[in-house]
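**Q** Just the structure for this:
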Amino acid sequence: MRRRLRLLSVAVLGVVALSAFSVGTWRSAGEVPRLVIARLQYEGGGDWYANPSSLPNLLAAIAERTNLPVERTEARVRLTDEALSSYPFVHATGHGEMRLSEEEVVRLRAYLTQGGFLHVDDNYGLDESFRREIARVFPDRPLVEVPASHPIYHVVYDFPDGLPKIHEHDGKPAQGLGIFIGGRLAVYYSVSADLGNGWEDIGTHPGDAPELHERALRMGVNLFVYAVTSRVTP
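**A** The predicted model follows:
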């Protein structure tokens with residue numbers, strides 16, 4: 001696994017250094033910019049800010065387990081922000097309604113078709129509105145099941161059965177859905193898994209065992225590494 005991480009890190013550093021899509025800001029000439037996860041701030045009444053300790057914990061895990069140059073603090077972004085294109089990984093969650101304006105639909109479509117990656121984690125309540133809004137973004141690209149053989153389940157840690165179940169709501173199995181663009185997984189939607197709950201500080205959700213926290217972090221590392229390495233062309 002360490003050799004795999006080293007090879008992935010070298011590939012990612014090359015992309016970050018050479019791509020116009022590179023993330024973060026140059027602190028000095030020749031210095032590699034740092035990668036950031038951006039939390040999506042959306043309208044509609046949903047609590048886009050849910051699970052406040054989740055992304056800091058995930059970023060810490062990425063920093064500690066890989067050689068990728070990541071920030072420890074999440075960014076926050078709206079789809080209309082000019083900075084949107086500078087983030088390779090945008091994360092959205094919440095329990096309520098998500099509503100996108102026509103401009104946001106256009107901006108999200110452009111971001112994803114130009115190499116961006118969106119992870120949406122249904123926090124038990126976002127499902128209906130997200131499915132409606134993503135269908136506006138890609139009316140000709142439905143959400144489909146991401147097969148357990150896909151690299152997103154194996155790029156660093158192996159999940160032979162696909163998306164792990166982290167937090168129990170109603171007994172439904174975890175499901176990983178996605179939208180592919182030219183063979184690249186551009187949108188990953190985790191349903192009935194609640195990865196964000198698992199990323200939060202241990203004890204935040206008393207019914208979730210510590211081993212579920214570890215499992216969630218491992219899946220999160222996979223998501224991030226896939227998002228940045230999927231832009232690497234052979």
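
**Q** Point to the residue nearest the middle of the protein.
**A** The centroid of the chain falls nearest to residue 119 when counting by Cα atoms, centre = their mean (3.6 Å).

**Q** for this protein, which spans come out with low pLDDT?
**A** 1-33, 232-234 (pLDDT under 70).

**Q** dump the residue contacts of residue 207.
**A** For residue 207, the contacting residues are 167, 168, by Cβ atoms under 8 Å, 6 or more residues apart in numbering. Quick note: C-beta positions are derived from backbone N, CA and C, even for glycine.

**Q** SS state for the residue nearest to the centre of the chain?
**A** strand (DSSP: H, G, I helix; E, B strand; the rest coil).

**Q** Would you mind confirming that it makes contact with residue 89?
**A** Yes. With contact defined as Cβ atoms under 8 Å, residue 119 counts as touching residue 89 (6.8 Å).

**Q** separation between the residue nearest to the centre of the chain and residue 206?
**A** 26 Å (Cβ to Cβ, to the nearest Å).

**Q** do the same with residue 230
**A** For residue 230, the distance to residue 206 - Cβ to Cβ - is 36 Å.

**Q** neighbour-wise, which of these two wins?
**A** residue 230 (19 against 7; other Cβ atoms under 10 Å).

**Q** Alpha carbons of the longest helix along the chain, as CSV, please.
**A** Ordering each helix of the chain by length in residues (DSSP state H) puts helix 210-229 first. Output of helix 210-229 as CSV, limited to C-alpha atoms (Å, rounded to 0.1, in the frame of the first residue of the first chain):
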residue,chain,number,x,y,z
PRO,A,210,-14.8,3.7,16.4
GLU,A,211,-14.1,1.1,13.7
LEU,A,212,-16.8,2.8,11.5
HIS,A,213,-14.9,6.1,11.9
GLU,A,214,-11.8,4.4,10.5
ARG,A,215,-13.8,2.8,7.7
ALA,A,216,-15.4,6.1,6.7
LEU,A,217,-12.0,7.9,6.7
ARG,A,218,-10.5,5.2,4.5
MET,A,219,-13.4,5.6,2.0
GLY,A,220,-12.9,9.4,2.1
VAL,A,221,-9.2,9.0,1.4
ASN,A,222,-10.2,6.9,-1.7
LEU,A,223,-12.6,9.6,-2.8
PHE,A,224,-10.1,12.4,-2.6
VAL,A,225,-7.2,10.4,-4.2
TYR,A,226,-9.5,9.3,-7.0
ALA,A,227,-10.7,12.8,-7.6
VAL,A,228,-7.2,14.2,-8.1
THR,A,229,-5.7,11.3,-9.9
